[in-house]
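Trainee: quick one: sequence plus predicted model below, questions after.
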Amino acid sequence: MMRLARLLRAAALPMALATAGPAPSGTVSETSPWADCLGRIAADAQARGVPPAWADGQLVGLTPNPDVLAATRGQAEFVKPIWAYLDATITEATIAEGQRKLEEWAAVLEAIERRTGVDRFTLVAFWGVESGYGKVLDDAAIVRPVVQSLATLACGDPGRPGYWRDELVEALRILAQGDVPPARLTGSWAGAMGHTQFMPSVYRAHAVDFDGDGRRDLWSVPDALASTANYLVAMGWRGNEPWGGEAVLGESFDYALADETTPRSLDAWRALGATPVPDRKADGVAQATLVVPAGAGGPAFLLRPNFSVILRYNTSLSYALTVAHLSDRLRGQAAFARDWPRGDRVLTEGERRDLQIGLDAHGHTAGAVDGRIGPKTRAAIRAYQASTGLRPDGYADVALLERLRTSP
């Protein structure tokens, strides 16, 4: 989901918080670390203009939810193989339902396109990936009270307490303004809300009232889709441009060029042996970067600037590629031309950490040792592969880990 699915450090609820009960009287800061934390947040909220009735009133009696912290360690887009995440999210049923939503909301989507330049297929793809076209919003097994979730994270996640505290204050401001009644302010474990899962700060900055009822309501389909378009435009979305697409690489292609950061024109990529699929020669001057998420054994992608905007919604490559590909499937385009290396054994989280430690030990900094294979780790893998005569495709597999473990 947007922003909440950014890289989070694993966190455990301290025992003092796990056992703390609600505040015993009409104040949120009396006897326990949990209550003291809520008291500081209430004071901060009041200093930022939240009336005491909302700053104190929404926090009194809260108890932490340990399940919320557990969820930070199991985000599918960061722990599943990229093909498993894609397969689970983009199904024939998902595509068919998305096409029905395109028909049902055609008039609204056309109006949003005219106003923002963001195409309907991208918006419905975000809607499908974020909330299953709204199906999860009333699922009590998934949604939770936003204030409780954010309070749990603000007082129990040592990795990013400041971020969660700010989001909690923003949630209290939303309630104080009256756009959303308290009973309706529910969301994901990390406090993301509505059809397209806005964090409270993003709601405050980018939500719009598109249906004209006087409220910015992310549980309204028109408001949610228009708000998502408004956010994408603010992040730099380019109307009438694709996100990019798959590429076919030549037999002798130099995988060191797939560094995820160096933009080249599509004409230049063609000359180097990376041919876009489909190959639209008219786009030759458009700039793109190249990424091979599963190395030489999987598909390659030429990514244009709009893909970076999708990544602003969620920094996971798996997530962004899923939104992008679902938008194409909703347009009627085909599945990827090349399949993923589904027969490979995927490294466990512990093995991915070992890989990062091994890369660091060999002089190739992989970033935080967090068990997540992101751009920094892939860059370190490419550097190590190049230094040892291997094909520098940046792919983390069992053979690479064993080589790191056994080489001096």
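Mentor: Noted; the coordinates are in hand. Residues are numbered from 1 along each chain as shown.
Trainee: quick one: the strands in this structure, in order.
Mentor: Applying DSSP state E to the chain gives strands spanning 144-145, 186-187, 244-249, 264-265, 274-277, 287-291, 300-303.
Trainee: show me what the last one is packed against.
Mentor: Right, strand 300-303. Using 3 or more C-beta pairs under 8 Å, 6 or more residues apart in numbering; DSSP states H and E, the elements in contact with strand 300-303 are strand 244-249, strand 274-277, strand 287-291. Every residue, glycine included, has its C-beta placed from N, CA and C.
Trainee: orientation of the first one relative to strand 287-291 in degrees?
Mentor: Relative orientation of strand 244-249 versus strand 287-291 (axes from the mean of the first three to the mean of the last three C-alpha atoms, to 10 degrees): 60 degrees.
Trainee: out of the strands of the chain, which comes closest to residue 333?
Mentor: strand 244-249 (8.7 Å; C-beta to C-beta).
Trainee: hang on, residue 291 packs against residue 303?
Mentor: Yes. Between residue 291 and residue 303 a contact is recorded at 6.1 Å, counting by C-beta atoms under 8 Å.
Trainee: how about the strands of the chain in JSON lines, adding distance to residue 151 and mean pLDDT?
Mentor: Formatted as JSON lines, the strands of the chain follow (distance: least, C-beta to C-beta, whole Å; pLDDT from 0 to 100):
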{"stretch": "strand 144-145", "distance to residue 151": "9", "mean pLDDT": "94"}
{"stretch": "strand 186-187", "distance to residue 151": "13", "mean pLDDT": "96"}
{"stretch": "strand 244-249", "distance to residue 151": "39", "mean pLDDT": "97"}
{"stretch": "strand 264-265", "distance to residue 151": "47", "mean pLDDT": "98"}
{"stretch": "strand 274-277", "distance to residue 151": "47", "mean pLDDT": "95"}
{"stretch": "strand 287-291", "distance to residue 151": "38", "mean pLDDT": "97"}
{"stretch": "strand 300-303", "distance to residue 151": "38", "mean pLDDT": "98"}
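Trainee: minimum distance to residue 400: which of the ones you listed has it?
Mentor: Minimum separation from residue 400 across those (C-beta to C-beta) falls at strand 287-291, 17.8 Å.
Trainee: list the helices and strands the closest one packs on?
Mentor: strand 264-265, helix 266-272, strand 300-303.
Trainee: list the contacts of the residue nearest to residue 83 when sequence neighbours are not counted.
Mentor: Once flanking residues are discounted, residue 83 sits nearest to residue 340: 3.6 Å by C-beta to C-beta, 6 or more residues apart in numbering. Residue 340 makes contacts with 81-83, 294, 297-299, as judged by C-beta atoms under 8 Å, 6 or more residues apart in numbering.
Trainee: can you check residue 301 too?
Mentor: Shown in contact with residue 301 (C-beta under 8 Å, 6+ apart): 244-247, 290-293, 321.
Trainee: what residues does residue 244 make contact with?
Mentor: When contacts are counted by C-beta under 8 Å, 6+ apart, residue 244 touches 288, 301-304, 306-307, 324.
Trainee: could I get those residues as a markdown table with distance to residue 391?
Mentor: Formatted as a markdown table, the contacts of residue 244 follow (distance: C-beta to C-beta, whole Å):
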| residue | distance to residue 391 |
| --- | --- |
| 288 | 22 |
| 301 | 18 |
| 302 | 19 |
| 303 | 21 |
| 304 | 26 |
| 306 | 30 |
| 307 | 25 |
| 324 | 26 |
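Trainee: what's the closest of those to residue 36?
Mentor: residue 307 (43.8 Å).
Trainee: what's the closest non-adjacent residue to the closest one?
Mentor: Of all residues not flanking residue 307 in the chain, residue 243 sits nearest, at 4.5 Å (C-beta to C-beta, 6+ apart).
Trainee: just give me the neighbour total for the one you found.
Mentor: A count of nearby residues for residue 243, using other C-beta atoms under 10 Å, gives 25.
Trainee: good, wrapping up.
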